[in-house]
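A.B. asks: Provide a 3D model corresponding to the input given below.
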Amino acid sequence: MRGLGNGDIELTHDAFHRLQPWRAAAHLRELLMSCGVLPLVDKQICSFERWLRAHLDGISVPEHKQIVRRFITWEVLPRLRNRAARKPLTPSTRSFASDQTKLATQFLTWLADHERTLELCDQADTDDWHASHSEHERRSLRGFLLWATTSKLLRPLRLPAQLITHKAPLAEPERIALLGRLLSGHDLPLRSRVAGVIVLLYAQPLSRIVRLTVDDLVRDGNQVLLRLGEPPSPVPAPVADLLLAWIAQRDNMNTATNPNSRWLFPGRRAGQPMHPRSLGMLVTGLGVPTTTGRTAAIEHHVLTMPAPVVADALGYHPVTTTKIATRAGTTWNRYAPGNHDRV
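C.D. replies: Numbers count the residues shown, from 1 in each chain. Modelled structure (predicted):
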(Lines give C-alpha, C1' and ligand atoms only; values in the text may rest on other atoms or scores of the structure.)
Protein backbone atom coordinates (compact mmCIF):
# COMPACT_ATOMS: atom_id res chain seq x y z
CA MET A 1 0.00 0.00 0.00
CA ARG A 2 2.89 2.34 0.78
CA GLY A 3 4.43 1.58 -2.61
CA LEU A 4 1.16 2.31 -4.37
CA GLY A 5 0.73 5.54 -2.42
CA ASN A 6 4.27 6.72 -3.19
CA GLY A 7 3.98 5.87 -6.85
CA ASP A 8 6.71 3.22 -6.65
CA ILE A 9 4.21 0.57 -7.81
CA GLU A 10 1.93 1.24 -10.76
CA LEU A 11 -1.76 0.70 -10.14
CA THR A 12 -2.07 -1.90 -12.91
CA HIS A 13 -2.69 -5.62 -13.07
CA ASP A 14 0.67 -6.13 -14.77
CA ALA A 15 2.47 -4.52 -11.83
CA PHE A 16 0.71 -6.87 -9.40
CA HIS A 17 2.05 -9.88 -11.34
CA ARG A 18 5.56 -8.94 -10.15
CA LEU A 19 4.80 -8.41 -6.45
CA GLN A 20 5.85 -10.84 -3.73
CA PRO A 21 4.60 -12.53 -1.65
CA TRP A 22 2.06 -13.29 -4.36
CA ARG A 23 -0.72 -14.41 -2.03
CA ALA A 24 -0.74 -11.06 -0.25
CA ALA A 25 -0.58 -9.27 -3.61
CA ALA A 26 -3.51 -11.33 -4.94
CA HIS A 27 -5.54 -10.55 -1.81
CA LEU A 28 -4.90 -6.82 -2.18
CA ARG A 29 -5.65 -6.88 -5.91
CA GLU A 30 -9.03 -8.54 -5.30
CA LEU A 31 -9.85 -5.90 -2.67
CA LEU A 32 -8.99 -3.14 -5.16
CA MET A 33 -11.10 -4.77 -7.88
CA SER A 34 -14.07 -5.15 -5.53
CA CYS A 35 -13.80 -1.43 -4.68
CA GLY A 36 -13.61 -0.41 -8.35
CA VAL A 37 -10.03 0.90 -8.08
CA LEU A 38 -8.72 -1.73 -10.50
CA PRO A 39 -10.71 -2.97 -13.52
CA LEU A 40 -12.36 -6.34 -13.04
CA VAL A 41 -10.41 -9.27 -14.48
CA ASP A 42 -11.31 -12.92 -14.04
CA LYS A 43 -9.52 -14.33 -10.99
CA GLN A 44 -8.25 -17.36 -12.89
CA ILE A 45 -6.76 -15.22 -15.67
CA CYS A 46 -4.96 -13.12 -13.05
CA SER A 47 -3.60 -16.31 -11.48
CA PHE A 48 -2.50 -17.70 -14.85
CA GLU A 49 -0.77 -14.49 -15.94
CA ARG A 50 1.13 -14.29 -12.64
CA TRP A 51 2.26 -17.91 -13.01
CA LEU A 52 3.11 -17.38 -16.69
CA ARG A 53 5.58 -14.58 -15.97
CA ALA A 54 7.64 -16.87 -13.71
CA HIS A 55 7.38 -19.76 -16.16
CA LEU A 56 8.66 -17.72 -19.11
CA ASP A 57 11.52 -16.37 -16.99
CA GLY A 58 12.57 -19.96 -16.37
CA ILE A 59 12.92 -20.86 -20.09
CA SER A 60 16.62 -20.58 -20.89
CA VAL A 61 16.47 -21.02 -24.68
CA PRO A 62 15.39 -17.73 -26.35
CA GLU A 63 13.84 -19.48 -29.37
CA HIS A 64 11.76 -21.71 -27.11
CA LYS A 65 10.63 -18.75 -25.02
CA GLN A 66 9.56 -16.88 -28.14
CA ILE A 67 7.50 -19.82 -29.45
CA VAL A 68 5.82 -20.45 -26.10
CA ARG A 69 5.04 -16.74 -25.73
CA ARG A 70 3.45 -16.69 -29.19
CA PHE A 71 1.39 -19.77 -28.35
CA ILE A 72 0.12 -18.15 -25.14
CA THR A 73 -0.53 -14.76 -26.77
CA TRP A 74 -2.40 -15.99 -29.83
CA GLU A 75 -4.00 -19.23 -28.65
CA VAL A 76 -4.27 -19.77 -24.88
CA LEU A 77 -5.06 -16.27 -23.55
CA PRO A 78 -7.65 -15.40 -26.23
CA ARG A 79 -9.46 -18.66 -25.49
CA LEU A 80 -9.43 -17.95 -21.74
CA ARG A 81 -10.68 -14.39 -22.23
CA ASN A 82 -13.46 -15.48 -24.57
CA ARG A 83 -14.65 -18.06 -22.05
CA ALA A 84 -14.38 -15.57 -19.17
CA ALA A 85 -16.56 -13.13 -21.11
CA ARG A 86 -19.37 -15.72 -21.06
CA LYS A 87 -18.98 -16.99 -17.51
CA PRO A 88 -16.31 -17.09 -14.74
CA LEU A 89 -13.48 -19.52 -15.36
CA THR A 90 -13.03 -22.56 -13.15
CA PRO A 91 -9.74 -23.53 -11.49
CA SER A 92 -9.59 -26.61 -13.71
CA THR A 93 -9.66 -24.39 -16.82
CA ARG A 94 -6.77 -22.35 -15.47
CA SER A 95 -4.89 -25.52 -14.51
CA PHE A 96 -5.28 -26.95 -18.01
CA ALA A 97 -3.94 -23.72 -19.53
CA SER A 98 -0.87 -24.05 -17.30
CA ASP A 99 -0.47 -27.70 -18.30
CA GLN A 100 -0.66 -26.75 -21.98
CA THR A 101 2.08 -24.18 -21.45
CA LYS A 102 4.31 -26.57 -19.50
CA LEU A 103 3.89 -29.38 -22.03
CA ALA A 104 4.66 -27.04 -24.95
CA THR A 105 7.88 -26.05 -23.18
CA GLN A 106 8.74 -29.67 -22.35
CA PHE A 107 8.10 -30.77 -25.95
CA LEU A 108 10.48 -28.13 -27.31
CA THR A 109 13.10 -29.25 -24.77
CA TRP A 110 12.51 -32.90 -25.71
CA LEU A 111 13.07 -32.08 -29.38
CA ALA A 112 16.29 -30.23 -28.56
CA ASP A 113 17.53 -33.19 -26.49
CA HIS A 114 16.96 -35.36 -29.58
CA GLU A 115 18.79 -32.82 -31.76
CA ARG A 116 15.59 -31.77 -33.46
CA THR A 117 13.68 -28.49 -33.83
CA LEU A 118 10.01 -27.74 -34.32
CA GLU A 119 10.61 -27.11 -38.03
CA LEU A 120 12.38 -30.48 -38.46
CA CYS A 121 9.91 -32.44 -36.33
CA ASP A 122 8.29 -35.25 -38.35
CA GLN A 123 5.70 -37.99 -37.83
CA ALA A 124 8.24 -40.36 -36.30
CA ASP A 125 9.20 -37.77 -33.68
CA THR A 126 5.63 -37.10 -32.57
CA ASP A 127 4.83 -40.82 -32.55
CA ASP A 128 7.87 -41.42 -30.35
CA TRP A 129 6.85 -38.64 -27.94
CA HIS A 130 3.22 -39.84 -27.69
CA ALA A 131 4.32 -43.42 -27.06
CA SER A 132 6.39 -42.42 -24.03
CA HIS A 133 3.98 -40.00 -22.30
CA SER A 134 0.71 -40.26 -20.39
CA GLU A 135 -2.76 -39.60 -21.76
CA HIS A 136 -3.02 -36.34 -19.80
CA GLU A 137 0.30 -35.14 -21.24
CA ARG A 138 -0.85 -36.05 -24.76
CA ARG A 139 -4.11 -34.16 -24.26
CA SER A 140 -2.28 -31.13 -22.86
CA LEU A 141 0.17 -30.99 -25.79
CA ARG A 142 -2.47 -31.43 -28.49
CA GLY A 143 -3.49 -27.75 -28.56
CA PHE A 144 0.10 -26.63 -29.05
CA LEU A 145 0.71 -29.07 -31.91
CA LEU A 146 -2.48 -27.98 -33.67
CA TRP A 147 -1.61 -24.30 -33.21
CA ALA A 148 1.96 -24.85 -34.45
CA THR A 149 0.61 -26.61 -37.55
CA THR A 150 -1.87 -23.82 -38.28
CA SER A 151 0.91 -21.24 -37.74
CA LYS A 152 3.17 -23.07 -40.25
CA LEU A 153 5.76 -23.76 -37.54
CA LEU A 154 5.17 -27.51 -37.82
CA ARG A 155 4.41 -29.66 -40.84
CA PRO A 156 0.98 -31.36 -40.91
CA LEU A 157 1.06 -34.53 -38.83
CA ARG A 158 -1.38 -37.23 -37.76
CA LEU A 159 -2.18 -37.02 -34.06
CA PRO A 160 -3.55 -40.02 -32.14
CA ALA A 161 -7.21 -39.95 -31.21
CA GLN A 162 -7.95 -38.74 -27.69
CA LEU A 163 -8.86 -41.46 -25.21
CA ILE A 164 -12.04 -40.67 -23.29
CA THR A 165 -12.68 -42.69 -20.14
CA HIS A 166 -15.68 -42.69 -17.81
CA LYS A 167 -15.63 -43.65 -14.15
CA ALA A 168 -18.36 -46.03 -13.07
CA PRO A 169 -21.11 -44.07 -11.27
CA LEU A 170 -21.90 -44.58 -7.63
CA ALA A 171 -24.44 -47.36 -7.13
CA GLU A 172 -27.96 -45.95 -6.74
CA PRO A 173 -28.57 -47.50 -3.26
CA GLU A 174 -25.31 -45.92 -2.08
CA ARG A 175 -26.31 -42.50 -3.47
CA ILE A 176 -29.69 -42.67 -1.70
CA ALA A 177 -28.03 -43.81 1.55
CA LEU A 178 -25.56 -40.94 1.41
CA LEU A 179 -28.36 -38.44 0.77
CA GLY A 180 -30.21 -39.78 3.80
CA ARG A 181 -27.09 -39.50 5.95
CA LEU A 182 -26.50 -35.88 4.90
CA LEU A 183 -30.09 -34.85 5.49
CA SER A 184 -30.33 -36.48 8.92
CA GLY A 185 -26.75 -36.01 10.13
CA HIS A 186 -27.24 -32.98 12.36
CA ASP A 187 -23.87 -33.61 13.97
CA LEU A 188 -22.10 -33.10 10.61
CA PRO A 189 -20.80 -29.70 9.40
CA LEU A 190 -23.69 -27.82 7.77
CA ARG A 191 -21.67 -26.37 4.89
CA SER A 192 -20.38 -29.79 3.84
CA ARG A 193 -23.85 -31.31 4.09
CA VAL A 194 -25.40 -28.64 1.85
CA ALA A 195 -22.72 -28.98 -0.83
CA GLY A 196 -22.89 -32.78 -0.72
CA VAL A 197 -26.68 -32.77 -1.15
CA ILE A 198 -26.43 -30.49 -4.22
CA VAL A 199 -23.89 -32.90 -5.73
CA LEU A 200 -25.91 -36.06 -5.05
CA LEU A 201 -29.37 -34.68 -5.82
CA TYR A 202 -28.80 -32.16 -8.62
CA ALA A 203 -25.65 -33.60 -10.25
CA GLN A 204 -23.75 -30.31 -10.00
CA PRO A 205 -19.94 -30.11 -10.22
CA LEU A 206 -18.20 -28.25 -7.42
CA SER A 207 -16.97 -25.58 -9.86
CA ARG A 208 -20.61 -24.69 -10.52
CA ILE A 209 -21.78 -25.09 -6.92
CA VAL A 210 -19.37 -22.43 -5.67
CA ARG A 211 -20.82 -19.96 -8.23
CA LEU A 212 -24.33 -20.27 -6.78
CA THR A 213 -25.68 -17.26 -4.89
CA VAL A 214 -28.37 -16.91 -2.24
CA ASP A 215 -30.52 -15.37 -4.98
CA ASP A 216 -30.50 -18.72 -6.81
CA LEU A 217 -32.73 -20.07 -4.04
CA VAL A 218 -36.17 -18.86 -5.10
CA ARG A 219 -39.28 -18.88 -2.89
CA ASP A 220 -42.52 -19.23 -4.85
CA GLY A 221 -45.34 -19.25 -2.32
CA ASN A 222 -44.86 -22.36 -0.21
CA GLN A 223 -42.45 -23.89 -2.71
CA VAL A 224 -38.68 -23.46 -2.77
CA LEU A 225 -36.81 -23.64 -6.08
CA LEU A 226 -33.09 -23.80 -6.90
CA ARG A 227 -32.04 -21.99 -10.06
CA LEU A 228 -29.53 -24.24 -11.80
CA GLY A 229 -31.03 -23.82 -15.26
CA GLU A 230 -34.43 -22.90 -16.63
CA PRO A 231 -36.89 -23.50 -15.22
CA PRO A 232 -35.58 -23.61 -11.63
CA SER A 233 -35.65 -27.04 -10.04
CA PRO A 234 -38.05 -27.88 -7.17
CA VAL A 235 -36.40 -28.41 -3.80
CA PRO A 236 -37.89 -31.12 -1.52
CA ALA A 237 -38.84 -29.88 1.93
CA PRO A 238 -35.96 -31.53 3.87
CA VAL A 239 -33.41 -30.11 1.39
CA ALA A 240 -35.08 -26.69 1.44
CA ASP A 241 -34.85 -26.58 5.25
CA LEU A 242 -31.15 -27.46 5.00
CA LEU A 243 -30.44 -24.73 2.42
CA LEU A 244 -32.37 -22.07 4.32
CA ALA A 245 -30.59 -22.97 7.57
CA TRP A 246 -27.22 -22.65 5.83
CA ILE A 247 -28.06 -19.25 4.29
CA ALA A 248 -28.94 -17.95 7.73
CA GLN A 249 -25.53 -18.91 9.17
CA ARG A 250 -23.02 -18.91 6.29
CA ASP A 251 -19.30 -18.93 7.15
CA ASN A 252 -16.82 -16.18 6.17
CA MET A 253 -19.46 -13.45 6.50
CA ASN A 254 -17.81 -11.59 9.37
CA THR A 255 -14.61 -10.65 7.55
CA ALA A 256 -13.99 -7.21 6.07
CA THR A 257 -13.78 -8.70 2.58
CA ASN A 258 -17.25 -10.31 2.47
CA PRO A 259 -19.68 -8.43 4.73
CA ASN A 260 -22.45 -8.38 2.10
CA SER A 261 -21.52 -11.43 0.04
CA ARG A 262 -24.29 -13.02 -2.02
CA TRP A 263 -22.31 -16.21 -2.66
CA LEU A 264 -23.93 -19.35 -1.28
CA PHE A 265 -20.44 -20.44 -0.20
CA PRO A 266 -18.47 -17.22 0.46
CA GLY A 267 -14.69 -17.37 0.32
CA ARG A 268 -12.13 -15.49 2.37
CA ARG A 269 -11.04 -13.21 -0.47
CA ALA A 270 -12.86 -10.05 -1.52
CA GLY A 271 -15.77 -10.74 -3.82
CA GLN A 272 -14.76 -14.38 -4.31
CA PRO A 273 -16.65 -17.60 -3.53
CA MET A 274 -15.02 -20.55 -1.83
CA HIS A 275 -12.45 -22.42 -3.91
CA PRO A 276 -13.91 -25.62 -5.45
CA ARG A 277 -10.92 -27.64 -4.24
CA SER A 278 -11.44 -26.49 -0.64
CA LEU A 279 -15.15 -27.26 -0.77
CA GLY A 280 -14.41 -30.61 -2.41
CA MET A 281 -12.12 -31.61 0.46
CA LEU A 282 -14.92 -30.89 2.94
CA VAL A 283 -17.45 -32.91 0.95
CA THR A 284 -15.18 -35.91 0.40
CA GLY A 285 -14.33 -35.71 4.09
CA LEU A 286 -17.93 -36.78 4.72
CA GLY A 287 -17.43 -39.80 2.47
CA VAL A 288 -19.22 -38.31 -0.55
CA PRO A 289 -17.41 -39.10 -3.84
CA THR A 290 -18.05 -35.92 -5.82
CA THR A 291 -17.35 -37.26 -9.32
CA THR A 292 -19.03 -40.67 -9.19
CA GLY A 293 -21.82 -39.25 -7.02
CA ARG A 294 -22.57 -36.56 -9.58
CA THR A 295 -22.44 -39.13 -12.40
CA ALA A 296 -24.92 -41.35 -10.54
CA ALA A 297 -27.28 -38.40 -10.03
CA ILE A 298 -27.31 -37.31 -13.67
CA GLU A 299 -27.80 -40.90 -14.85
CA HIS A 300 -30.77 -41.24 -12.50
CA HIS A 301 -32.33 -38.07 -13.94
CA VAL A 302 -31.91 -39.05 -17.61
CA LEU A 303 -33.45 -42.46 -16.85
CA THR A 304 -36.55 -40.83 -15.36
CA MET A 305 -36.88 -37.74 -17.61
CA PRO A 306 -36.07 -36.86 -21.23
CA ALA A 307 -32.49 -35.69 -21.72
CA PRO A 308 -33.50 -32.21 -23.06
CA VAL A 309 -35.59 -31.57 -19.93
CA VAL A 310 -32.69 -32.60 -17.66
CA ALA A 311 -30.29 -30.39 -19.64
CA ASP A 312 -32.51 -27.30 -19.27
CA ALA A 313 -33.28 -27.84 -15.59
CA LEU A 314 -29.77 -28.66 -14.38
CA GLY A 315 -27.72 -26.40 -16.66
CA TYR A 316 -26.17 -29.15 -18.77
CA HIS A 317 -25.63 -29.10 -22.52
CA PRO A 318 -28.29 -31.17 -24.35
CA VAL A 319 -25.59 -33.12 -26.19
CA THR A 320 -24.06 -34.13 -22.84
CA THR A 321 -27.30 -35.39 -21.36
CA THR A 322 -28.16 -37.21 -24.59
CA LYS A 323 -24.82 -39.05 -24.51
CA ILE A 324 -25.37 -39.95 -20.85
CA ALA A 325 -28.86 -41.21 -21.64
CA THR A 326 -27.50 -43.37 -24.45
CA ARG A 327 -24.85 -44.88 -22.17
CA ALA A 328 -27.49 -45.47 -19.51
CA GLY A 329 -29.62 -47.38 -22.00
CA THR A 330 -32.45 -44.95 -22.78
CA THR A 331 -32.75 -42.40 -25.58
CA TRP A 332 -36.32 -41.00 -25.26
CA ASN A 333 -36.21 -40.93 -29.05
CA ARG A 334 -39.95 -40.38 -29.27
CA TYR A 335 -39.94 -37.37 -26.95
CA ALA A 336 -40.85 -34.11 -28.69
CA PRO A 337 -38.97 -31.20 -27.09
CA GLY A 338 -40.64 -27.82 -26.72
CA ASN A 339 -43.43 -26.15 -24.77
CA HIS A 340 -45.89 -28.92 -23.92
CA ASP A 341 -48.26 -26.47 -22.18
CA ARG A 342 -49.36 -24.86 -25.43
CA VAL A 343 -52.68 -25.95 -26.88
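
A.B. asks: residues of the biggest helix by length in the chain that come out buried?
C.D. replies: Assignment by DSSP state H gives helix 91-113 as the longest helix of the chain. Judged by neighbour count (16 or more other Cβ atoms under 10 Å), helix 91-113 contains these buried residues: 91, 93-94, 96-105, 107-108, 110-111. Backbone N, C-alpha and C define where each C-beta goes, glycine included.

A.B. asks: Could you list the low-confidence segments of the stretch 1-150 of the chain?
C.D. replies: 22 (pLDDT under 70).

A.B. asks: Helices of that one, start to end?
C.D. replies: Along the stretch 1-150 of the chain, the segments classed as helices by DSSP state H, counting those that start in this stretch run 2-6, 13-17, 22-34, 43-57, 62-71, 77-86, 91-113, 123-131, 135-150.

A.B. asks: Find out how far stretch 296-304 is from the centre of the chain, if you would.
C.D. replies: 22 Å (Cα atoms, centre = their mean, to the nearest Å).

A.B. asks: Residues touching it, excluding its own?
C.D. replies: Contacts to stretch 296-304, defined as Cβ atoms under 8 Å, 6 or more residues apart in numbering, come from residues 169-172, 174-175, 199-203, 310, 314, 316, 321, 324-325, 327-330.

A.B. asks: pLDDT averaged over stretch 305-322 - what is it?
C.D. replies: What stretch 305-322 shows for mean pLDDT is 89.

A.B. asks: start to end distance for that stretch?
C.D. replies: Start-to-end span of stretch 305-322 (Cα to Cα, to the nearest Å) is 11 Å.

A.B. asks: Quick one: residues contacting the residue most central in space within the chain.
C.D. replies: Nearest residue to the geometric centre of the chain (Cα atoms, centre = their mean): residue 90, 2.9 Å. By Cβ under 8 Å, 6+ apart, the contact list for residue 90 reads 44, 207, 276.

A.B. asks: returning to that earlier point: and the longest helix of the chain, what other elements does it pack with?
C.D. replies: Other elements packing on helix 91-113 under the criterion 3 or more Cβ pairs under 8 Å, 6 or more residues apart in numbering; DSSP states H and E are helix 43-57, helix 62-71, helix 77-86, helix 123-131, helix 135-150, helix 276-284.

A.B. asks: Quick check: which of those is nearest to residue 19?
C.D. replies: Minimum separation from residue 19 across those (Cβ to Cβ) falls at helix 43-57, 9.0 Å.

A.B. asks: residues touching residue 245, list them.
C.D. replies: Taking Cβ under 8 Å, 6+ apart, one finds residue 190 in contact with residue 245.

A.B. asks: helix or strand for it, which one?
C.D. replies: Following DSSP states H and E, one finds residue 245 within helix 237-248.

A.B. asks: So which bits of that helix are buried?
C.D. replies: Buried-residue list, helix 237-248, by 16+ other Cβ under 10 Å: 239-240, 242-243, 246.

A.B. asks: ditto for stretch 273-287
C.D. replies: 273-276, 279-280, 282-284, 286.

A.B. asks: Likewise for stretch 130-145?
C.D. replies: Under 16+ other Cβ under 10 Å, the buried positions of stretch 130-145 are 130, 133, 137-145.

A.B. asks: Name the surrounding residues that touch it.
C.D. replies: 71, 75-76, 96, 99-100, 102-104, 107, 126, 129, 154, 157, 159-160, 162-163.

A.B. asks: now that stretch, how far from the centre of its chain.
C.D. replies: Using Cα atoms, centre = their mean, the offset of stretch 130-145 from its chain centre is 21 Å.

A.B. asks: Pull the contacting residues for residue 88.
C.D. replies: Counted by Cβ under 8 Å, 6+ apart, residue 88 has contacts 42-44, 211.

A.B. asks: out of the buried residues of stretch 130-145, who's nearest residue 24?
C.D. replies: So of those, ranked by how close each gets to residue 24 (Cβ to Cβ), first place is residue 140, at 30.4 Å.
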